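*Asks:* need coordinates for the following:
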Amino acid sequence: MSKYQRLKGRSFLAWVVLAALYGCAALERPESAVSDRVFPRVLQAGDVLDLHTGTKLSFEELIRALETVRIVYVGEVHAREADHEVQQRIVEGLWKAGKRIGIGVEMLPRTVQAPLDLWVRGTVDEAEFLEAVGWERHWGFPFEAYRPVFVFAREKNIPMRALNAPPAVARKVAHHGLEALAEEERRQIARHFFMDDAAHRAYIQEEFKAHVPGGIKDFETFYQAQLVWDETMAESLAVWLVQEPLDQVVVLAGKAHVNQRFGIPERVRRRLEHRYAVVVPAAVNEAPEQVTAEVGDYLVVTAAEKPAPGHGKRLGVLLDKNPEGRGLRVRQVVPGSRAEKAGFLAGDLIVAADGDPVSDVSDLHRRFQSPQDAVVFTVDREGRVMEIRVDFGR
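*Replies:* Numbering: from 1, shown residues only. Alright, predicted model coming up:
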């Protein structure tokens, strides 16, 4: 029997166990998750707070508290270095505590699990790994921010799991709905979708109001696309917990997927009863004292954040390659970023930078390495060509 046949058998067993457990997990949120108490506090960078009791903890005490749960979610703003540093400290702290841990990542679709396994085993170098998983195509944010955790996992042989759905499938759902997926595409995402969480639907409704349509059919398809991310990551985690003899898993994902718990965390618990904790990094100049137990379980206060996320020469956009070959499509604009201030919108097609054609993210990276303080982007917005100037010298 080949290793692939053995893996297929293990996956089938995991699905059987999950199916048996599906109706057993409580659907209400944990009692601790609905606390609305606000504690008077003055916080500074480096503080750690138990959001249920208002007690300040050392980072070591935080690690000891996190040792008691099966999944630790550490949210991030993708372009924020401080959030990645918190994630790294938690991963290293739990590993040093002697836990058999795994690391689940939003950044990669589960279709690239094989090259991720090769990375952890040390059989491919970084360039080969990034090419094999299509990092620029699937994610777009610089690997440099994630390298410390990936390298630590490789050095310590910590299992990693690609959790997400393929971006192209999610985009197709946003444009046409779940019913438009081909059978093969449907197999690449979660089997079950829970669409009855009113709080989550209301949250996504606010996101939809601020979103440029860009070919999206309506709110329902937009909501289905968001669930493609959350449900697929939740399903991937639940299957992994059944398959692997791990003490706990640390999940690295965007804050929108983990804060308030109605994204990934509760969708995993619907599939498999367990205890989890949500860690919320928040900059000291972004009112961390207003973060309550509705948002997460533990608050880690980080240093003051610059007004525009995406510091250095980062533009502040999430990009996809255009399947038609011309330009890069703006999937998302980071709030407060240079891109937002300059007028970029989700759905824009960047076709040139300072007159040079753009077809790959590396084209932009090379442009940003040059010494000029401003770049003029040529953008195709639903057939209307315009120029957008972005000042990188401020």
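*Asks:* so Val358 makes contact with Val330?
*Replies:* No: Val358 is not in contact with Val330 according to C-beta atoms under 8 Å; the separation is 11.6 Å. Heads up, the C-betas are built off the backbone N, CA and C, glycines and all.
*Asks:* overlap in contacts, these two.
*Replies:* Counting by C-beta atoms under 8 Å, 6 or more residues apart in numbering, the residues touching both Val358 and Val330 are Ile350.
*Asks:* quickly note the distance from the spatially closest residue to Trp119 that is not a sequence neighbour to Glu220.
*Replies:* Taking C-beta to C-beta, 6 or more residues apart in numbering, and ignoring the residues beside it in sequence, Trp119 has Phe129 as its nearest neighbour in space, at 4.5 Å. Plainly put, Phe129 is 37 Å away from Glu220 if you go by C-beta to C-beta, to the nearest Å.
*Asks:* and the contacts of stretch 114-121?
*Replies:* With contacts defined as C-beta under 8 Å, 6+ apart, stretch 114-121 is touched by 108, 124, 129, 132-133, 150, 153-154, 157-162.
*Asks:* nearest to Val251 among these?
*Replies:* Proximity of the contacts of stretch 114-121 to Val251, judged by C-beta to C-beta, is greatest for Arg161, which lies at 9.2 Å.
*Asks:* and the helix or strand containing that closest one, which strands flank it?
*Replies:* According to DSSP states H and E, Arg161 maps onto strand 160-164. Sheet pairing for strand 160-164, assigned by DSSP bridges, gives strand 101-109 (parallel).
*Asks:* can you show me the CA trace of stretch 324-333 as PDB?
*Replies:* The C-alpha trace of stretch 324-333 is given here as PDB (Å, rounded to 0.1, in the frame of the first residue of the first chain):
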ATOM      1  CA  GLU A 324      -6.200  36.600 -18.600                       C
ATOM      2  CA  GLY A 325      -2.400  37.400 -18.100                       C
ATOM      3  CA  ARG A 326      -2.500  41.200 -18.000                       C
ATOM      4  CA  GLY A 327      -1.900  43.000 -14.700                       C
ATOM      5  CA  LEU A 328      -2.600  42.200 -11.100                       C
ATOM      6  CA  ARG A 329      -6.100  42.300  -9.600                       C
ATOM      7  CA  VAL A 330      -6.600  44.100  -6.200                       C
ATOM      8  CA  ARG A 331      -8.500  41.600  -4.100                       C
ATOM      9  CA  GLN A 332      -8.400  43.700  -0.900                       C
ATOM     10  CA  VAL A 333      -7.200  47.200   0.200                       C
END
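*Asks:* buried ones in that stretch?
*Replies:* Residues of stretch 324-333 classed as buried: Gly327, Leu328, Arg329, Val330, Arg331, Val333 (neighbour count, 16 or more other C-beta atoms under 10 Å).
*Asks:* same question, stretch 243-257
*Replies:* Buried, per 16+ other C-beta under 10 Å, within stretch 243-257: Leu246, Gln248, Val249, Val250, Val251, Leu252, Ala253, Gly254, Lys255, Ala256, His257.
*Asks:* in terms of contact, does the fifth one touch Ala277 like I think?
*Replies:* Right, Val251. No: distance between Val251 and Ala277: 10.5 Å, which falls outside the contact criterion (C-beta under 8 Å).
*Asks:* hang on, the earlier thing: comparing Phe129 and Glu220, which residue is more hemmed in?
*Replies:* Neighbours were counted for Phe129 and for Glu220 using other C-beta atoms under 10 Å; Phe129 has more, 20 against 13.
*Asks:* does that one belong to a helix, a strand or coil?
*Replies:* Local secondary structure at Phe129 is given as helix here, using DSSP: H, G, I helix; E, B strand; the rest coil.
*Asks:* now do the contacts for it.
*Replies:* Phe129 sits in contact with Pro115, Leu116, Leu118, Trp119, where contact means C-beta under 8 Å, 6+ apart.
*Asks:* what score does it have for pLDDT?
*Replies:* You'll see Phe129 listed with a pLDDT of 97.
*Asks:* what does Val72 give?
*Replies:* Model confidence at Val72 (pLDDT) stands at 98.
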